[in-house]
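> sequence and predicted structure, then a few things I'm wondering about:
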Amino acid sequence: MAHDLFISYSAKDKVIADPVCATLEGMKIRCWIAPRDVPPGQTWASALVEAIGASRVFVLVFSDGSNNSPQVFREVGEAVEKGIPIIPFRIEDVQPSKEMGYYIKALHWLDALTPPLEKHLQKLGDTVQALLVTAREERPPAETPEAKVPEAIARTKTIPRAALLGAGLLVLLVMLSTVAIVWQVMQSKGTPSQDSHATETRIAAIAFATQTASISTATDIPTQTSTPALKETPTFSPTQATVAVATATSTSIPTPNGTATQVAFIQLATATMQACLHQSPIAPLSWPVVLCDTFFTNPNGWATGSNDNSFVTVNGYIANGKYHWDWKSKVNIVSHEIPRFAKSVSDFYLTLEGQRVGGEGEVPYGVVFRYDGTNYYFLKIEAENQAFSVELLYQGQWKILTDWTRTSAIRPNLPNRLTIRAEGSHFILYINDEQVHAWDDSTLSKGTAGIAIHIFNPGDTAVFDFTHFELRAP
């Protein structure tokens with residue numbers, strides 16, 4: 001999204017930063033503010049650097065929190081380095097530290113120490129508009145793509161011959177390794193083992209399988225291609241079952257050569273199915289249940305266990321009516337979990353009940369649906385701010401279908417029930433049984449469904465308890 005202005009603030013001052021953003025955007029000034037405008041799948045640092053570089057004005061919400069924030073200090077330094085005008089908007093009577101003062105002490109300040117805040121916000125908006133006019137007049141004309149081509153071609157001619165030779169040898173080695181691997185696979189193709197199938201299943205579910213918007217380097221955001229490193233660490237191990245009993249409707253299902261344990265498992269899954277159906281006035285009772293869980297047991301094969309890798313430290317378990325997630329992220333990551341026995345559907349009714357019960361940082365949660373193995377829709381809510389958004393991951397690129405929208409239907413610090421009803425390309429969103437939104441999109445026609453979260457900042461933590469998941473289809 002093109003923008004005019006970057007807003008830098010401490011997380012402690014979000015209650016001020018949000019009105020700053022709203023006031024400026026009400027004056028037709030396009031703002032960039034985190035975490036709202038951090039693209040899913042992009043690292044936090046790269047998103048901030050790009051956003052600051054594309055800004056024409058930088059507003060610093062200055063307080064004791066931002067004065068002592070290493071993150072804010074780095075953002076200010078980036079703006080100074082790029083020559084972007086900085087407006088310190090002081091909301092607390094504090095003096096800048098030596099480090100911060102190095103950048104901003106000589107600047108003209110706007111004080112907002114006395115009420116009403118609206119008066120100071122209007123003055124801030126007027127100042128920004130004046131700076132934007134000045135920046136627009138002084139900005140040099142952008143180079144045309146044609147002007148850059150000769151320079152790029154000239155650079156390619158300076159590549160040392162030794163480097164080209166080394167690259168060629170590396171490609172040759174990769175090709176030889178690939179041929180060897182293919183030969184080994186062909187030799188063993190006739191006798192696939194159960195272990196190889198189990199490994200494949202674990203890879204699909206490992207660490208709450210991750211999809212991202214764009215990958216710039218192999219170490220940027222985890223994807224399913226990162227499995228060799230993950231196989232060396234403990235993985236989530238779904239409860240083992242010899243039959244897929246998630247959709248069982250009777251305790252009399254025949255089990256050839258079945259043991260008492262298998263029969264008991266089927267009976268338990270059936271009892272779970274009958275007990276967990278969510279009684280809601282919006283549920284289409286004529287649509288059969290495809291999958292349902294109240295998380296006392298794990299008949300549907302949700303991933304559980306612990307994992308610590310270069311992307312996340314995570315622990316998940318199912319007990320006492322809760323699917324418990326405990327996350328600490330090392331990168332900006334969108335992660336989802338699809339149950340092992342999930343079925344692909346087109347039209348559907350999907351419900352998830354859950355609550356964030358701990359952690360630090362803003363971590364939206366929600367559901368993914370019409371997941372086809374690569375692409376999916378993602379509905380997420382930020383309960384503390386009573387906001388939701390809908391996005392689509394398609395061919396490695398994220399598309400915002402519904403930008404962050406506030407609704408009083410979301411209950412902060414309480415469990416929330418998210419429900420989506422899809423028929424063809426039409427989707428209806430309910431939150432706590434109240435219809436809050438509807439949209440149309442025909443990109444994906446069918447797929448599976450699951451649970452997902454989005455952690456923006458490396459180092460942020462999040463603890464969730466999910467208590468109900470139900471999927472119906474006609």
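Yep, that arrived. Given the structure is predicted, the values throughout are model-derived calculations rather than measurements. Residues are numbered from 1 along each chain as shown.

> what ranges does the stretch 251-400 of the chain have for its strands?
Assignment of strands within the stretch 251-400 of the chain using DSSP state E, counting those that start in this stretch yields the ranges 289-293, 305-308, 312-319, 322-329, 333-337, 348-358, 365-371, 376-382, 387-394, 397-406.

> how about the closest residue in space to Pro284 that isn't next to it in sequence, what does it touch?
In this structure, Pro284 finds its nearest non-sequential neighbour in Tyr349, 5.4 Å apart by C-beta to C-beta, 6 or more residues apart in numbering. Where C-beta positions appear, they are placed from N, C-alpha and C, glycine not excepted. Applying C-beta atoms under 8 Å, 6 or more residues apart in numbering to Tyr349 gives the contacts 283-284, 287, 419-422, 470-473.

> of those residues - the most surrounded one?
Leu471 (26 neighbours; other C-beta atoms under 10 Å).

> that residue belongs to a strand?
Yes: counting by DSSP: H, G, I helix; E, B strand; the rest coil, Leu471 is part of a strand.

> quickly list what the residue nearest to Pro284 is bridged to.
With DSSP bridges as the criterion, Tyr349 is bridged to Arg421, Arg472.

> same check on the one 5 residues further on?
Each beta-bridge partner of Gly354 is listed here: Asn416, Phe466, as defined by DSSP bridges.

> that one and Ala79, how far apart?
39 Å (C-beta to C-beta, to the nearest Å).

> rewinding a little: the contacts of Tyr349 into JSON lines, with extra columns for pLDDT and distance to Phe388?
Output for those, formatted as JSON lines (pLDDT from 0 to 100; distance: C-beta to C-beta, whole Å):
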{"residue": "Ala283", "pLDDT": "83", "distance to Phe388": "20"}
{"residue": "Pro284", "pLDDT": "85", "distance to Phe388": "22"}
{"residue": "Trp287", "pLDDT": "90", "distance to Phe388": "24"}
{"residue": "Thr419", "pLDDT": "96", "distance to Phe388": "12"}
{"residue": "Ile420", "pLDDT": "96", "distance to Phe388": "11"}
{"residue": "Arg421", "pLDDT": "95", "distance to Phe388": "15"}
{"residue": "Ala422", "pLDDT": "96", "distance to Phe388": "16"}
{"residue": "Glu470", "pLDDT": "92", "distance to Phe388": "19"}
{"residue": "Leu471", "pLDDT": "93", "distance to Phe388": "20"}
{"residue": "Arg472", "pLDDT": "92", "distance to Phe388": "22"}
{"residue": "Ala473", "pLDDT": "93", "distance to Phe388": "23"}
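
> could you pull out the strands for the stretch 1-150 of the chain?
All strands of the stretch 1-150 of the chain, identified by DSSP E, counting those that start in this stretch, fall at 5-8, 31-32, 57-62, 86-90, 110-111.

> okay, now the unreliable bits of this structure?
Along the chain, segments meeting pLDDT under 70 span 1, 135-280.

> quick one: the helices in it?
Secondary structure of the chain (DSSP state H): helices at 14-26, 44-53, 64-67, 70-81, 98-104, 117-138, 145-156, 161-187, 194-205, 227-230, 260-275.

> what about dumping the CA coordinates of stretch 313-322 to PDB?
Provided in PDB are the C-alpha atoms of stretch 313-322 (Å, rounded to 0.1, in the frame of the first residue of the first chain):
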ATOM      1  CA  THR A 313       9.600 -22.900  20.100                       C
ATOM      2  CA  VAL A 314       6.200 -24.600  20.400                       C
ATOM      3  CA  ASN A 315       4.400 -27.000  22.700                       C
ATOM      4  CA  GLY A 316       0.800 -28.300  22.100                       C
ATOM      5  CA  TYR A 317      -1.400 -30.800  23.800                       C
ATOM      6  CA  ILE A 318      -5.000 -31.900  24.000                       C
ATOM      7  CA  ALA A 319      -6.600 -32.500  27.400                       C
ATOM      8  CA  ASN A 320      -9.600 -31.600  29.600                       C
ATOM      9  CA  GLY A 321     -11.500 -30.000  26.700                       C
ATOM     10  CA  LYS A 322      -8.700 -27.800  25.400                       C
END
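
> so how far is Ile52 from the residue nearest to Glu118 when sequence neighbours are not counted?
Using C-beta to C-beta, 6+ apart and skipping the chain neighbours, the partner closest in space to Glu118 is Thr23 (7.7 Å). The spacing between Thr23 and Ile52, counted by C-beta to C-beta, is 21 Å.

> out of the strands of the stretch 1-150 of the chain, nearest to Ile400?
strand 31-32 (14.2 Å; C-beta to C-beta).

> can you list the strands that the closest one pairs with?
Strand 31-32 is paired, per DSSP bridges, with strand 5-8 (parallel).

> contact partners of the partner strand?
With contacts defined as C-beta under 8 Å, 6+ apart, strand 5-8 is touched by 17, 20-21, 24, 29-33, 51-52, 55-61, 66, 72, 75-76, 79, 84, 128, 132.

> go again with 6 Å.
By C-beta atoms under 6 Å, 6 or more residues apart in numbering, the residues outside strand 5-8 that reach it are 17, 21, 29, 31-33, 51-52, 55, 57-60, 72, 75.

> ranking by neighbours, what's the top pick from those?
Compared across the contacts of strand 5-8, Val59 has the highest neighbour count, 29 neighbours, by other C-beta under 10 Å.

> surely that one is in contact with Ile86?
No: using C-beta atoms under 6 Å, Val59 makes no contact with Ile86, being 7.9 Å away.

> give me the common contacts of these two.
With contacts defined as C-beta under 6 Å, 6+ apart, no residue is adjacent to both Val59 and Ile86.

> okay, now Ala449: neighbour count?
30.

> how close does it get to Arg340?
Counting by C-beta to C-beta, the gap from Ala449 to Arg340 is 13 Å.

> try Ala303
In this view, Ala303 and Arg340 are 8 Å apart by C-beta to C-beta.

> who's more crowded, these two?
Neighbour tally, Ala303 and Arg340, criterion other C-beta under 10 Å: the higher count belongs to Ala303, 28 against 19.

> could I get the strands of the stretch 1-150 of the chain as TSV with distance to Gln386?
Conversion of these to TSV gives the following (distance: least, C-beta to C-beta, whole Å):
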stretch	distance to Gln386
strand 5-8	20
strand 31-32	20
strand 57-62	21
strand 86-90	25
strand 110-111	29
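
> which pair of the contacts of strand 5-8 spans the longest distance?
Most distant of the contacts of strand 5-8, by C-beta to C-beta, are Ile29 and Val72, 20.6 Å apart.
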